[in-house]
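**Q** I would like to see how this sequence folds:
(chains A and B)
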Protein chains: 2
Amino acid sequence: MSSDPLEPEITAVTTLGSGEAKWVQLQKIDWKDQTGKARIWEVASRKTRGSSGVDAVAIAPIIIHPSRPTSTLVVLQFRPPVAANCVEFPAGLIDEGETPEQAAIRELREETGYEGKVVSISPTIVSDPGFTTANMQLVVMEVNLKEGDKEPEQQLDDGEFIQRVVVPLDELLEKLDNYTRDGYAVDARLYHWAAGLDAARKRKW
Amino acid sequence: MSSDPLEPEITAVTTLGSGEAKWVQLQKIDWKDQTGKARIWEVASRKTRGSSGVDAVAIAPIIIHPSRPTSTLVVLQFRPPVAANCVEFPAGLIDEGETPEQAAIRELREETGYEGKVVSISPTIVSDPGFTTANMQLVVMEVNLKEGDKEPEQQLDDGEFIQRVVVPLDELLEKLDNYTRDGYAVDARLYHWAAGLDAARKRKW
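**A** Predicted coordinates:
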């Protein structure tokens, strides 16, 4: 029997009361501004943050190969919030009791099959601080391949459909623009990384 | 009379029903996955998106000066959602009827006082696609200064307290790490841009 994946499809979008939501919530923040004036801010947050105080990690993989251009690895997956197939760095929520470093090694293995070593880990950074409490850490990981290494197996959960794509660093920004033209939505953090890389490589400044 | 700004302060955080919120909402998405199975995703969205279909722009300013190192410009402001002073690229919501390019020129002028020209504009990219519908465009702008140019005046609204800081590109990632050590929260997109820049400049790859 063939089991080719179907195109994912959104069937309904309905308003959700904060009480009904399991994973996310809205909160009202009362605060005093720099003049002492009482003000209000509305914010969305995840209910899943564990004792690490950090929601998630993303991994910037650097794939080093003896005869191929140095590359990174992006993942493609359908994301219901934006109703599109997205292009992102491998990423995931940090499990309870896990360090960000452990979460990064695990997520890279699960989503891409690659084993890497952690090169650097960012401080806790905030994903969209005018709108949500969401935070994360960016972990740079090196994957060192030998000539003739086969592409490893992914270790996806049931119901996870994630494709991985190896992209040479020199082509990353152009590839992301091409993905957009083909109807994908590119993650803003991945795009900014690619734009920074491009700024350093190609501009007169 | 002195009017030194006070430290902003959060006085209360309370749960908000979707009906009560003016700017944001929660939605439940019913969708069918790649096996045809009915699934649910919870998502947060802004209520303010206009006809452009894009929530916001951020500006990556490139400051070019005859005798100083090429720099960028970041803004510091208190962000109630993360209860911290944040370090971000200049940014803002797109007004109704405005193009992303117009929004970028306006926001750079208001938040920093600088006039720049648009060098490139990204496709629409998604800020946190596992959690929210939020999207944006990244606009690279060049600001060309002459020897002896004075720092321009900001054009802030009443109740806006935004500081701007010029940072040489070569020092950006280190500066962001220092801000974190000093208790600031760095925006993930700015951090990724700096990490991409750093990856291209310093690594063997």
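
**Q** Excluding chain neighbours, what is closest to A:N144?
**A** The shortest distance from A:N144 to any residue that is not its chain neighbour, by C-beta to C-beta, 6 or more residues apart in numbering or on different chains, is 5.1 Å, and that residue is A:I64. Any C-beta I mention is one placed from the backbone N, CA and C, and that applies to glycine too.

**Q** host element of the residue of chain A found nearest chain B?
**A** Among the residues of chain A, A:G196 lies closest to chain B, at 2.8 Å counting by C-beta to the nearest C-beta. Taking DSSP states H and E as the definition, A:G196 sits inside helix A:188-202.

**Q** now A:R109
**A** Taking DSSP H and E as the criterion, the element that holds A:R109 is helix A:100-112.

**Q** Can I get that helix in PDB, CA atoms only?
**A** Only the C-alpha atoms of helix A:100-112 are listed here, as PDB (Å, rounded to 0.1, in the frame of the first residue of the first chain):
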ATOM      1  CA  PRO A 100      19.100  23.900  26.400                       C
ATOM      2  CA  GLU A 101      22.300  22.000  25.200                       C
ATOM      3  CA  GLN A 102      20.600  18.600  25.600                       C
ATOM      4  CA  ALA A 103      17.500  19.800  23.900                       C
ATOM      5  CA  ALA A 104      19.500  21.100  20.900                       C
ATOM      6  CA  ILE A 105      21.400  17.800  20.500                       C
ATOM      7  CA  ARG A 106      18.100  15.800  20.800                       C
ATOM      8  CA  GLU A 107      16.100  18.000  18.400                       C
ATOM      9  CA  LEU A 108      18.800  18.000  15.800                       C
ATOM     10  CA  ARG A 109      19.000  14.200  16.000                       C
ATOM     11  CA  GLU A 110      15.200  13.700  15.900                       C
ATOM     12  CA  GLU A 111      14.400  16.200  13.200                       C
ATOM     13  CA  THR A 112      17.400  15.700  10.900                       C
END
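
**Q** is chain B contacted by that helix?
**A** No. Helix A:100-112 stays out of contact with chain B when judged by C-beta under 8 Å from any C-beta of the partner chain, the minimum separation being 12.4 Å.

**Q** Give me the packing partners of that helix, helices and strands only.
**A** The elements that helix A:100-112 packs onto, with contact taken as 3 or more C-beta pairs under 8 Å, 6 or more residues apart in numbering or on different chains; DSSP states H and E, are strand A:56-64, strand A:71-79, strand A:91-93, strand A:117-121, strand A:135-144.

**Q** looking at the ones you listed, which is buried most?
**A** Most buried of the helices and strands packed on helix A:100-112, by mean neighbour count (mean count of other C-beta atoms under 10 Å in any protein chain shown): strand A:56-64, with a mean of 23.

**Q** Which strands and helices lie in contact with that one?
**A** Taking 3+ C-beta pairs under 8 Å, 6+ apart as contact, the helices and strands that strand A:56-64 lies on are strand A:71-79, strand A:91-93, helix A:100-112, strand A:135-144, helix A:188-202, helix B:188-202.

**Q** Switch these over to CSV; also include distance to B:A91.
**A** As requested, those are arranged in CSV below (distance: least, C-beta to C-beta, whole Å):
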stretch, distance to B:A91
strand A:71-79, 22
strand A:91-93, 22
helix A:100-112, 26
strand A:135-144, 18
helix A:188-202, 11
helix B:188-202, 9
